[in-house]
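**Q** Below are the sequence and a predicted model for it; my questions follow.
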Amino acid sequence: MKFLIVLILLLVVVGLIAFRYRKQIQTALYFWRMYRNMRQMTKPPGEKQIDKPATNAALVRCSGCGDWVEETNVLKMGNKISYCSAACIEKSANRV
Ligand SMILES: [Zn+2]
């Protein structure tokens, strides 16, 4: 029961402080919202431009044709040699 009374007193005090400084709180909230809006306005295009290539796999150069291929689509032959397709492997195998 004591805890409840303390809680109510605390709420009253907080309420009084909020009431007393409502203008300051309003301006603070206003600035915070403005800041958030600014971040939202600047972020989405930047995220789309930067994140999409970044989230994609790294590009690896095909040892056969020299094309840049995403690492996930690459056919690897050992550690350093990678090909974009089976056709490229055949081509380079014929060459050697
Ligand atoms: Zn290739």
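**A** Yep, that arrived.
**Q** tell me the pLDDT at Val60?
**A** On the pLDDT scale, Val60 is placed at 89.
**Q** what's near enough to touch it?
**A** Neighbour list for Val60: 68-71, 74, 82 [criterion: C-beta atoms under 8 Å, 6 or more residues apart in numbering]. Where you see a C-beta, it was placed from the backbone N, CA and C, and this is true even at glycine.
**Q** Filter those down to the buried ones and express that as a ChimeraX selection.
**A** The command below creates a ChimeraX selection of those among the contacts of Val60 that count as buried (16 or more other C-beta atoms under 10 Å):
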select :69,74,82
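**Q** Just name the closest of the contacts of Val60 to Arg39, please.
**A** Glu70 (31.0 Å; C-beta to C-beta).
**Q** Any idea what the closest one is bridged to?
**A** Using DSSP bridges, the bridge partners assigned to Glu70 are Leu59.
**Q** Look up how far the ion lies from it.
**A** With distances taken as C-beta to the ion, to the nearest Å, Glu70 is found 13 Å from the ion.
**Q** need the contact list for that residue.
**A** Contacts of Glu70 by C-beta under 8 Å, 6+ apart are 56-60.
**Q** Show me which of those residues are buried.
**A** Neighbour counting with 16+ other C-beta under 10 Å marks Val60 as buried within the contacts of Glu70.
**Q** Of the contacts of Glu70, just say which sits nearest to the ion.
**A** Nearest to the ion among those is Val60, at 10.3 Å by C-beta to the ion.
**Q** For Ala58, list the residues it contacts.
**A** Ala58 neighbours (C-beta under 8 Å, 6+ apart): 70-71.
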